[in-house]
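Asker: below are the sequence and a predicted model; questions follow.
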Amino acid sequence: MNHDWAPLRTLHRYLGVSVGVVFTVTGLSGSSLVFYPAIDRLMNPSVRAIPDDARPASHEAVYQALLRSHPDRSRGWRIEVPDGGGAIAARSLSDDDLAGRSFAPVIAWVDPRAYVVVRSEQWGRFPVTWLYDLHYRLRLGPTGARIMGIIGIQASPSRAERMFKCRPTRTSDSEPCDGPGPLPCSIRTSGWWCTAATRRP
């Protein structure tokens, strides 16, 4: 029995082209974010200068350093002390930070030896957080989140089409393939036939 795969191939092609660029952007940005702590440290000498084994003698002193650097932020600090030592990052999120944005805390890095803030940035205004927003929402805020959701739903038919075309069969490995075109019409891998061209007997 012959199968006409042309409509499915056309669907697969156009869905792939329409979302391919976005998937490329999110794939590359996501791969980079795996290494974001190392990338951020490499780009900031003030943080890189702090020894990896530096530890605070007092967590209260770390908090007081944050208050001295940001007297307008007297509470709401989330202090992240690394297990192995090194610069201590802390986040503070105020109502002003949320104006027109869903998440944009101030992030400060404290030297645990001198109890001074060596760096202070707002989320989205330095490279690794800019990259995160690109990966998560395409730098478009809530609209970007909706676009990513729609693209994910749109890609589902393409995945289903590939699953339909790659399915178990009782055909033996030695059965010839007579599909048209320069590509073989079927490829046998691990007991599954994946139709690459249009049809097979």
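Answerer: That came through fine.
Asker: enumerate every residue touching the residue nearest in space to the middle of the chain.
Answerer: Nearest to the geometric centre of the chain sits residue 30, at 3.2 Å (CA atoms, centre = their mean). When contacts are counted by CB atoms under 8 Å, 6 or more residues apart in numbering, residue 30 touches residue 135. The C-beta positions use only the backbone N, C-alpha and C, and glycine is treated the same way.
Asker: so it belongs to a helix, correct?
Answerer: Yes - assessed by DSSP: H, G, I helix; E, B strand; the rest coil, residue 30 belongs to a helix.
Asker: measure it to residue 63 for me?
Answerer: Separation of residue 30 from residue 63 (CB to CB, to the nearest Å): 34 Å.
Asker: hmm, back to that, in terms of pLDDT, where does the residue nearest to the centre of the chain sit?
Answerer: Residue 30 carries a pLDDT value of 90.
Asker: just the one 3 residues further on next, same as before
Answerer: The predicted local confidence for residue 33 comes out at a pLDDT of 92.
Asker: would you check that it makes contact with residue 128?
Answerer: Yes - shown here, residue 33 and residue 128 form a contact pair, counting by CB atoms under 8 Å, at 7.3 Å.
Asker: need the overlap of contacts for these two.
Answerer: By CB under 8 Å, 6+ apart, no residue touches both residue 33 and residue 128.
Asker: please enumerate the helices of this structure.
Answerer: 6-33, 36-42, 45-48, 59-69, 127-137, 141-165 (DSSP state H).
Asker: out of those, which is the most enclosed?
Answerer: Scoring those by mean neighbour count under mean count of other CB atoms under 10 Å gives helix 127-137 as the most buried, with a mean of 18.
Asker: compute the inter-axis angle for it and helix 6-33.
Answerer: With axes from the mean of the first three to the mean of the last three CA atoms, to 10 degrees defining the directions, helix 127-137 sits at 160 degrees from helix 6-33.
Asker: hmm, back to that, can the helices of the chain go into TSV with extra columns for distance to residue 117?
Answerer: As requested, the helices of the chain are exported to TSV (distance: least, CB to CB, whole Å):
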stretch	distance to residue 117
helix 6-33	25
helix 36-42	16
helix 45-48	10
helix 59-69	4
helix 127-137	18
helix 141-165	29
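Asker: weakest of those helices by average pLDDT?
Answerer: helix 141-165 (a mean of 73).
Asker: wait, what's in contact with residue 62?
Answerer: Contacts of residue 62 (CB under 8 Å, 6+ apart): 56, 79, 81, 88, 90, 110, 112, 115.
Asker: at 10 Å instead, please
Answerer: By CB atoms under 10 Å, 6 or more residues apart in numbering, the contact list for residue 62 reads 56, 77, 79, 81, 88, 90, 110, 111, 112, 115, 117.
Asker: show me the chain divided up by domain.
Answerer: With domains defined by automatic domain parsing, the chain comprises 6-27+140-195, 50-125.
Asker: and the last one, how far out from the chain middle?
Answerer: So that's domain 50-125. Computed by CA atoms, centre = their mean, to the nearest Å, the separation of domain 50-125 from the middle of its chain amounts to 24 Å.
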